[in-house]
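*Asks:* The following comprises the amino acid sequence and a computationally predicted model.
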Amino acid sequence: MSDGSVEGGTEMELTKDEEITINEYLVSKGLPTNVSVTFDDVFIPEDESPVRSRAEIYDFSTNLAEDFVLKMPLVSANMESVTGVSMAVAMAREGGLWFLPQSLKIKHRLEMLDQIRRTDCAFIHNPLTVRPDATLHEAKKRMEKFGVNSLIITNKDGFVAGILTSRDWHFEADDSKTVISLAGATNELVVAPKDIIFGAAAAILKENKIEKLPLVNAGGQLAGLITAHGLFYNLYHPRATRDDKGRFVLCGTVGVGKTFTKSHLKEAEAQAKKGIRILLIDTARAFSVNTKEAVIKIRKNFPELILVVGNVSSAKGARALFEWGADVVKVNQGRGHVCRTSKIGVGQPQLTAIAECSVIARRYGKRIMADGGMKSSGDLVKAIIAGADALMTGYLVVGTDESAAPKKFNKDGFPVKTYQGSASLDAQLERIKHGTLDRIREPEGISEEVPITGSLNETIQSLLDSLRSAMSYFGVRSVHELREKGIFKMQSRAGLIEGTKSS
């Protein structure tokens, strides 16, 4: 990994060979080398297709790293109006990824990670507990905080005394009763050793007709929990993004600031302790000395994490991030639906930006995440063909039931949500309220109302159906094939209007 400077040095300049390779790639994709273009400037020409039916196409998987595969390439943006716990869980169930906004206080993010980790979880390393003499009122407050319906009852020495399940308390009117009095006889409790395999645990759950199996260590103290719901998740969410213990993969976020401080490093450390697999280092201007400091320090301290770093919009910027230690580079400046950075003249048109950065990524054996600018399913397809391995979006999912934006009704009485650009005035006011911003900057984003579109599942299925359809026209059966074989042709403004006019 180079220690090349971004302050007046030349180590980050593209080599002649890199420039030639980029131009060759652009030509091979049908893109111009002398002007930058975006999604509406191109169309995808059909090709002879061996695909008899679109139903034959079901492989939407993509690699985010050599040893990390997503079952589908969509990622919900780390924006306060987009990704909270509900969006993260829903996106994970669909096989995609999510990132919580780094603008939220770290304490809040850690609590959200806890909630996400415990949802649909087959194996819970650190189960939520309550003391036998706690009241139902106290137990309810704890369950509400973490969004669960049951607690393991343990004594002061960590031995399991019972399980408070939903059937024990749902119809109980007296909140002053102790949890142990509601949980039933202790001698009915079934436990298993902490190293039990999932198959054996499933047999115990089935035989005893129970939904939760506490795990204990050699001394008999609580050491984990296996849940029936999480154990059989494949029946409900076969694409879900999980680890080998059946838990949702956790993603962390950290900002950069004027200087990467010990406070930033502690944020990364706190999230690493929660078990994150992926960390997003996010700033609008990643090709900077600030980001260099952040990436190098985090890579040194947390070598096991997959580092997603952004944003940049040039091959030179991508090259720098990979040199500093990024595994995935996030590409976009000023091209998001509610971003207005381009008004100050910065940011390359997104399709060319993705294509150029993807060439650098392949030379390093790394990956590209296209971030924003995609306003339709067709744009997702084009981003993949250009070279994107994953697709981050806020606009295409902010209208779903699960997005973090609260539902409200507009002046005409229609249900809507407010989509806030991360640098919009509204978003900055929220950050000042949270204590994560000291003053208002010149807004480089806007806020707008978007209609409610239904569940995330419905939206994802619609987008994947469109992706499947496009793949069938080009005769490929996987996202990998689409990325490798897909090409473009340029189209005129009149051609765009002809293809998108209302019927």
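*Replies:* That came through, no problem.
*Asks:* ok, and what's touching stretch 42-54?
*Replies:* For stretch 42-54, contacts defined as C-beta atoms under 8 Å, 6 or more residues apart in numbering pick out 30-31, 57, 351, 381-382, 385, 465, 468-477, 486-491, 495, 499. For the C-beta atoms, the positions are set from N, CA and C on the backbone; glycine is no exception.
*Asks:* so how far does that stretch reach from one end to the other?
*Replies:* Stretch 42-54 has an end-to-end distance of 23 Å (criterion: C-alpha to C-alpha, to the nearest Å).
*Asks:* Distance from that stretch to the middle of the chain?
*Replies:* 30 Å (C-alpha atoms, centre = their mean, to the nearest Å).
*Asks:* buried stuff in it?
*Replies:* V42, F43, I44, V51 (16 or more other C-beta atoms under 10 Å).
*Asks:* Let me know the distance separating the first one from S28.
*Replies:* Plainly put, V42 is 14 Å away from S28 if you go by C-beta to C-beta, to the nearest Å.
*Asks:* got the buried residues of stretch 42-54 as TSV, with pLDDT columns?
*Replies:* What follows is the buried residues of stretch 42-54, written out as TSV (pLDDT from 0 to 100):
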residue	pLDDT
V42	97
F43	96
I44	95
V51	93
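*Asks:* coming back round to it: weed out the non-buried ones from the contacts of stretch 42-54.
*Replies:* Buried among the contacts of stretch 42-54 by 16+ other C-beta under 10 Å: 30-31, 57, 351, 381-382, 385, 468, 470-472, 474, 476-477, 486, 488.
*Asks:* Give me the lowest-pLDDT entry from the residues you listed.
*Replies:* The lowest pLDDT within the buried ones among the contacts of stretch 42-54 belongs to F474, with 91.
*Asks:* So that residue sits against K485, correct?
*Replies:* Yes: the pair F474 and K485 qualifies as a contact (C-beta atoms under 8 Å) at a distance of 7.0 Å.
*Asks:* Retrieve the pLDDT associated with F198.
*Replies:* pLDDT, read off for F198, is 88.
*Asks:* Now I306: closest residue in space, sequence neighbours ignored.
*Replies:* Nearest residue to I306, sequence neighbours excluded (C-beta to C-beta, 6 or more residues apart in numbering): I278, at 4.5 Å.
*Asks:* just checking, the one you found touches L64?
*Replies:* Yes: here I278 lies in contact with L64, judged by C-beta under 8 Å, at a distance of 7.4 Å.
*Asks:* Can you check which residues contact both of those two?
*Replies:* L97, I306.
*Asks:* Need the max-distance pair from the buried residues of stretch 42-54.
*Replies:* V42 and V51 (22.1 Å; C-beta to C-beta).
*Asks:* State the helix or strand in which V476 lies.
*Replies:* Of the helices and strands defined by DSSP states H and E, none includes V476.
*Asks:* So what's the residue count around the nearest residue to it once chain neighbours are set aside?
*Replies:* Excluding its sequence neighbours, the residue lying closest to V476 (C-beta to C-beta, 6+ apart) is L482, at 4.9 Å. L482: 22 surrounding residues under other C-beta atoms under 10 Å.
*Asks:* again with A405
*Replies:* 24.
*Asks:* roughly how far apart are A470 and L464?
*Replies:* With C-beta to C-beta as the criterion, A470 and L464 are 11 Å apart.
*Asks:* And L110, by the same measure?
*Replies:* 32 Å.
*Asks:* ok, these two, which is more surrounded?
*Replies:* For L110 versus L464, the count of surrounding residues by other C-beta under 10 Å is larger for L464: 21 against 17.
*Asks:* wait, doesn't the more buried one sit right on M72?
*Replies:* Yes: using C-beta under 8 Å, L464 makes contact with M72 at a distance of 6.5 Å.
*Asks:* who touches both of these two?
*Replies:* F60.
*Asks:* so who does the residue nearest to V476 touch?
*Replies:* V381, I384, I385, A470, M471, F474, V476.
*Asks:* how about the CA coordinates for stretch 353-367, as PDB?
*Replies:* What follows is stretch 353-367, C-alpha atoms only, in PDB (Å, rounded to 0.1, in the frame of the first residue of the first chain):
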ATOM      1  CA  ALA A 353     -17.400   7.800 -13.700                       C
ATOM      2  CA  ILE A 354     -18.500   4.200 -12.900                       C
ATOM      3  CA  ALA A 355     -16.800   2.900 -16.000                       C
ATOM      4  CA  GLU A 356     -13.500   4.600 -15.400                       C
ATOM      5  CA  CYS A 357     -13.300   3.700 -11.700                       C
ATOM      6  CA  SER A 358     -14.200   0.100 -12.500                       C
ATOM      7  CA  VAL A 359     -11.100  -0.300 -14.600                       C
ATOM      8  CA  ILE A 360      -9.000   0.800 -11.700                       C
ATOM      9  CA  ALA A 361     -10.900  -1.600  -9.400                       C
ATOM     10  CA  ARG A 362     -10.200  -4.600 -11.600                       C
ATOM     11  CA  ARG A 363      -6.500  -3.700 -11.700                       C
ATOM     12  CA  TYR A 364      -6.400  -3.900  -8.000                       C
ATOM     13  CA  GLY A 365      -8.700  -6.900  -7.700                       C
ATOM     14  CA  LYS A 366     -11.200  -4.700  -5.900                       C
ATOM     15  CA  ARG A 367     -14.900  -3.600  -6.300                       C
END
